[in-house]
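1. make a model of this:
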Amino acid sequence: MANKLEHITLVKDDLHLGDRDERKDLVGNFKTTEEAINTIIDWLDSDDTSDFVSKEDLEGMLQKLRDKIKENNKDLKERINHILLGTDVESIEIVVTQILKQRGVID
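-> Prediction:
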């Protein structure tokens with residue numbers, strides 16, 4: 001990478017707050033934020049591309065997701081049509097069982 005990012009240093013130990021616990025918590029937050037930002041900078045400056053995802057890879061993954069959604073949508077539509085037509089045995093059994101339980105015919 002041509003332009004390396006530089007680490008940052010946040011003001012964290014020179015804060016003067018009235019409540020000592022509040023100051024301690026705020027300083028801790030700044031230290032954590034600084035560590036996280038610098039970790040990201042190190043990652044961005046790294047020449048390691050092992051977790052790099054190309055545009056083509058991303059498009060392929062998105063297409064697979066679209067295909068899966070279409071397939072699931074098709075299955076769902078078929079199931080809904082079976083229910084509406086009264087030909088979905090599983091749904092009919094569930095409804096009949098629930099009615100029989102409500103009427104005390106079965107436990």
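
2. so which helix or strand takes in the residue most central in space within the chain?
-> Nearest to the mean C-alpha position of the chain, by Cα atoms, centre = their mean, lies residue 65 at 14.5 Å. Assigning secondary structure by DSSP states H and E places residue 65 in helix 55-85.

3. contacts for the helix or strand following that helix, please.
-> Downstream of helix 55-85, the next assigned helix or strand under DSSP H and E is helix 89-102. Helix 89-102 is contacted by residues 82, 83, 86, 106, 107 when judged by Cβ atoms under 8 Å, 6 or more residues apart in numbering. No exception for glycine: its C-beta is placed from N, CA and C like everyone else's.

4. what sits against the fourth one?
-> Residues near residue 106 by Cβ under 8 Å, 6+ apart: 97, 100.

5. one more time with 6 Å, if that's ok
-> Residue 106 is in contact with residue 100, counting by Cβ atoms under 6 Å, 6 or more residues apart in numbering.
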